[in-house]
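Enquirer: have a look; sequence and predicted model below, questions after that.
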Amino acid sequence: MKNIIDDLIHLVSKKTGLCIRERDLEKFLQKIEERVKQGNFSDLISYYELLQKNTLASEKEWKELFLLLTVAESYFFRDIDQFLVLKKILLPKILEAKKTEKTIRIWSAGCCAGEEPYSIAIILKELLGDMHGWNILILGNDINEEVLQKARKGIYTPWSLRDLSPEIKKLYFKENKGLWELDPKICQMVKFTHCNLVEDVFPSWASELHSMDIIFCRNVFIYFSQDTVGMIANKLSQTLNEQGYLITGHGELYAQKLKYLKPKIYNGCVVYHKKTLAEIQSAAFIAPEKIANRRTNTPPNILIKILPETKKNIFQKTSSPSFLEKEKLTIEDIQLLFKKADYKKVVEEGKKICLLCDDSLELLFLMAQSYANMAKYENAIRMCLKIIKKEISYMKAYFLLSQIYKILGDRDKAKSFLQNVIYLDPYFVLAYIELGELWEDEGDSKNAKKMFSTALEILESLPHTPVLPYKEITTEELIKYLQKILKKY
Ligand SMILES: C[S@@+](CC[C@H](N)C(=O)[O-])C[C@H]1O[C@@H](n2cnc3c(N)ncnc32)[C@H](O)[C@@H]1O
């Protein structure tokens, strides 16, 4: 019995990408049992045998099973912030870039009953007004045929409209016997087709699944294994145009190493931007130590402490230690001076070394940190900018800049540098925590919560053993800290 259950789980995972965990097993088996009964199969083995076949009957049964296994829940303008980013930032950019070509292609992958692609269509209509002369494709697809049928009808219960503004509701919906009918002009803007994101091949020139300007794939990955998510994210990114955007559910791609995409934060929402060919190629040829510098799961241990417990002490100066005077100091000597908090000497000796020969990034960064620790912020900023000019992807300099601007009270700059940090290292948890705290201070609890949840998701996806930077704090302790903060929301 156990073997056949394992085989079934394996087959379902392979076909649908669904990850059936220990805790899902009971429900999964109930659903299978339901299908075995309804289909009059003699036992689990004969059911499994049918699913394994490549026949019309098997295809039909898979459709029935998809209905039971997939969670089909959506509503109009779900996660309004992402739609605001679409309306205010992404679409205006694309429309401008395409004003001559006048073609725009958007895909809502895992579109459920159409709420997501229709929300996109409403925004496009609002932005373009008269769409004459534009060649627009908004494609919605799903593995579940039943929801696709509903989508084509464009009729919804009030529950699907629960987050809709009264103005949009009035403009685009008509009530009929307690249900809401979407304006046929909006319905006509969206094309619905069946697609299994796991099995189907894309990009594909034989179907519409190619050259997308924007792909929405939100709240679909949550039930998949990380391997499946990685595989689909890869296919989706290749289905984007150069410079196209992928929008996923919050935090759904954090555990992924994304070869073709770079995360960007707009108004607190992470959007994945397709890398240019040059960026993809240059990443492939960067020396290994530079890659480590760009994207690392373990933040460097020479940054200033910013963790909650030590926060008040950042940039705190301690008394100068005695130091063995030498004529010529090496970078190791400077590091030692820094460790002993003799920041003045780090700067003095650092300048001499720079003049002599070596203005390595490491030395410049030690000097930048020392200036910051002595509250000489202008010098620290200048030094960081010098570092960035030499090496644009030196993430630590951006992080230090964010810390300095936070202290100087320039929140916008602090946030902007933190966004650079996340771009260079999407796993740098502290940047999310810092952003969360900035937003929390500004009373923006929605964005703050998002950042803290993202930090937590990243931490939970990392092994618990490594000690986070700043040695005293482990991943587990930081998880507890974030869980405590998140309870407030
Ligand atoms: C929770 S809904 C999300 C709907 C919408 N994207 C949103 O965010 O509101 C997930 C949808 O993904 C679909 N889905 C699940 N697995 C899929 C697969 N392998 N291929 C295509 N769609 C899938 C489900 O049928 C369901 O409609």
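Expert: Right, received. Where do you want to start? Numbers count the residues shown, from 1 in each chain.
Enquirer: any buried residues in stretch 336-343, and which?
Expert: By neighbour count, and taking 16 or more other C-beta atoms under 10 Å as the criterion, the buried residues in stretch 336-343 are 336, 337, 338, 340, 341, 342, 343. C-beta here means a position set from N, CA and C on the backbone, and glycine is covered the same way.
Enquirer: which two of these have the greatest separation?
Expert: Based on C-beta to C-beta, the longest span within those runs between 336 and 343 and measures 12.6 Å.
Enquirer: and the lengthiest helix in the chain, how far out from the chain middle?
Expert: In the chain, assigned by DSSP state H, the helix with the most residues is helix 445-461. Mean-position distance between helix 445-461 and its chain equals 11 Å (C-alpha atoms, centre = their mean, to the nearest Å).
Enquirer: downstream neighbour of that helix in the secondary structure list?
Expert: Note on helix 445-461: by DSSP states H and E, the next helix or strand toward the C-terminus is helix 475-487.
Enquirer: packing partners of that next one?
Expert: When contacts are defined as 3 or more C-beta pairs under 8 Å, 6 or more residues apart in numbering; DSSP states H and E, helix 475-487 sits against helix 429-441, helix 445-461.
Enquirer: hey, which of those helices is tucked in deepest?
Expert: When you average the neighbours per residue for each of the helices and strands packed on helix 475-487 (mean count of other C-beta atoms under 10 Å), helix 429-441 leads with a mean of 22.
Enquirer: now it and helix 445-461, what's the angle there?
Expert: 160 degrees (axes from the mean of the first three to the mean of the last three C-alpha atoms, to 10 degrees).
Enquirer: and this structure, which residues reach the ligand?
Expert: Among all residues of the chain, those adjacent to the ligand (criterion: C-beta under 6 Å from any ligand atom) are 16-17, 70-74, 78, 110-112, 116, 142-144, 147, 195-198, 218-220.
Enquirer: which of these fall in strands?
Expert: Among these, the members falling in strands are residue 142 (criterion: DSSP state E).
Enquirer: can you tell me how far residue 4 is from residue 167?
Expert: With the distance defined as C-beta to C-beta, to the nearest Å, residue 4 ends up 55 Å from residue 167.
Enquirer: when the two are compared, which one has more neighbours?
Expert: Counting neighbours by other C-beta atoms under 10 Å for residue 4 and for residue 167 shows that residue 4 has the greater number, 13 against 8.
Enquirer: and the closest residue to that one other than its chain neighbours, how many neighbours does it have?
Expert: Leaving out its chain neighbours, the residue that sits closest to residue 4 by C-beta to C-beta, 6 or more residues apart in numbering is residue 44, at 5.3 Å. Here the count is done by other C-beta under 10 Å, and residue 44 has 17 residues near it.
Enquirer: list the contacts for residue 44?
Expert: 1, 4, 5, 8, 32, 36 (C-beta atoms under 8 Å, 6 or more residues apart in numbering).
Enquirer: which of the residues you listed tops the neighbour count?
Expert: Each of the contacts of residue 44 was scored by neighbours using other C-beta under 10 Å; the highest score is residue 32's, at 22 neighbours.
Enquirer: and the residue of the stretch 301-450 of the chain closest to the ligand?
Expert: The nearest approach of the stretch 301-450 of the chain to the ligand comes at residue 450, 15.6 Å away (C-beta to the nearest ligand atom).
Enquirer: which residues of the stretch 151-300 of the chain fall in helices?
Expert: Using DSSP state H, counting those that start in this stretch, the helices of the stretch 151-300 of the chain run over 166-172, 184-187, 226-239, 277-284, 288-294.
Enquirer: what about the strands in the protein?
Expert: Secondary structure of the chain, counting by DSSP E: strands at 103-109, 135-142, 155-156, 173-176, 179-182, 190-194, 212-217, 240-248, 261-266, 269-274.
Enquirer: can you put those in CSV and add distance to residue 349, mean pLDDT and mean neighbour count?
Expert: Below are the strands of the chain laid out as CSV (distance: least, C-beta to C-beta, whole Å; pLDDT from 0 to 100; neighbours: other C-beta atoms under 10 Å):
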stretch, distance to residue 349, mean pLDDT, mean neighbour count
strand 103-109, 57, 97, 24
strand 135-142, 62, 97, 21
strand 155-156, 70, 97, 20
strand 173-176, 70, 96, 13
strand 179-182, 70, 97, 18
strand 190-194, 66, 97, 17
strand 212-217, 52, 98, 24
strand 240-248, 46, 93, 21
strand 261-266, 38, 86, 20
strand 269-274, 42, 89, 22
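Enquirer: okay then, goodbye and thanks.
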